[in-house]
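Novice: Sequence first, predicted coordinates after that:
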Amino acid sequence: MTPVSRDNAGVIAPPPLIALAAIAIGLLLDWLLPAYVMAVVLPFGFRLTVGVVLIGGGLALAIAAVMQFRAHHTHAEPWKPSTAVVTIGVYGWLRNPMYVGMTLVLAGLSILLASDWMLVMTILFVPVIHVGVVRREERYLAAKFGEPYRRYLARVPRYGWPL
């Protein structure tokens, strides 16, 4: 079955569940094998400031992205059919603001809580999302929307930097 015939990206799991798994596994590992590196190296005030800024920035980015999808009457959830390619707003400068936002929230929460293992899980979250979600979405959208989507791929970087 092709991605277009099933009319969704065929992601490995809903991205919010992948993020929640990173949090849960990180906290479990902190409890089982505490490292205390961030707690010792980073003062609480620094952790609080950096954590709140990253969480706030990540939430703002993700919310703006979801609002753009809603305004264009398409699903933000990659396991549902896409009806449009959004290329304006935050999507004008990065193609995956929801996943960048989730990563920022995870990193901020890790730092705020001084959760060394959650930070490790955040680092592992990135390739899982890239391979298991983003690459699948790109194949699906290219098959469904063709050349207009391919032009968008060529014009806008995947994560906000030219890679």
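Specialist: The structure has been received and is ready for your questions.
Novice: how much space between the residue nearest the centre of the chain and A154?
Specialist: The residue lying closest to the centre of the chain (CA atoms, centre = their mean) is Y99, at 1.4 Å. With distances taken as CB to CB, to the nearest Å, Y99 is found 20 Å from A154. No exception for glycine: its C-beta is placed from N, CA and C like everyone else's.
Novice: The residue nearest to the centre of the chain contacts V11, doesn't it?
Specialist: No - the criterion here is CB atoms under 8 Å, and Y99 misses it with V11 at 11.0 Å.
Novice: shared neighbours of these two, anything?
Specialist: Each of V133 lies in contact with both Y99 and V11 under the rule CB atoms under 8 Å, 6 or more residues apart in numbering.
Novice: got any ranges where the chain has weak pLDDT?
Specialist: 1-5, 162-163 (pLDDT under 70).
Novice: how about 50 then?
Specialist: By pLDDT under 50, the weakly predicted segments of the chain are 1-4.
Novice: next structured bit after the longest helix seen in it?
Specialist: The residue-count maximum for a helix in the chain (DSSP state H) belongs to helix 44-71. Using DSSP states H and E, the helix or strand that follows helix 44-71 in sequence is helix 97-113.
Novice: and that next one with helix 44-71, angle?
Specialist: Relative orientation of helix 97-113 and helix 44-71, computed by axes from the mean of the first three to the mean of the last three CA atoms, to 10 degrees: 160 degrees.
Novice: Convert the C-alpha atoms of the next helix or strand after helix 97-113 to CSV, please.
Specialist: Next helix or strand after helix 97-113 toward the C-terminus (DSSP H and E): helix 116-129. Extracted C-alpha coordinates of helix 116-129, given in CSV (Å, rounded to 0.1, in the frame of the first residue of the first chain):
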residue,chain,number,x,y,z
ASP,A,116,20.2,14.1,33.1
TRP,A,117,18.5,11.1,31.6
MET,A,118,15.7,13.1,30.2
LEU,A,119,18.2,15.2,28.4
VAL,A,120,19.8,12.0,26.9
MET,A,121,16.3,10.9,25.9
THR,A,122,15.8,14.3,24.2
ILE,A,123,18.9,13.8,22.2
LEU,A,124,17.6,10.3,21.2
PHE,A,125,14.2,11.8,20.4
VAL,A,126,15.6,13.9,17.6
PRO,A,127,16.7,11.0,15.3
VAL,A,128,13.6,9.0,16.1
ILE,A,129,11.4,11.9,15.1
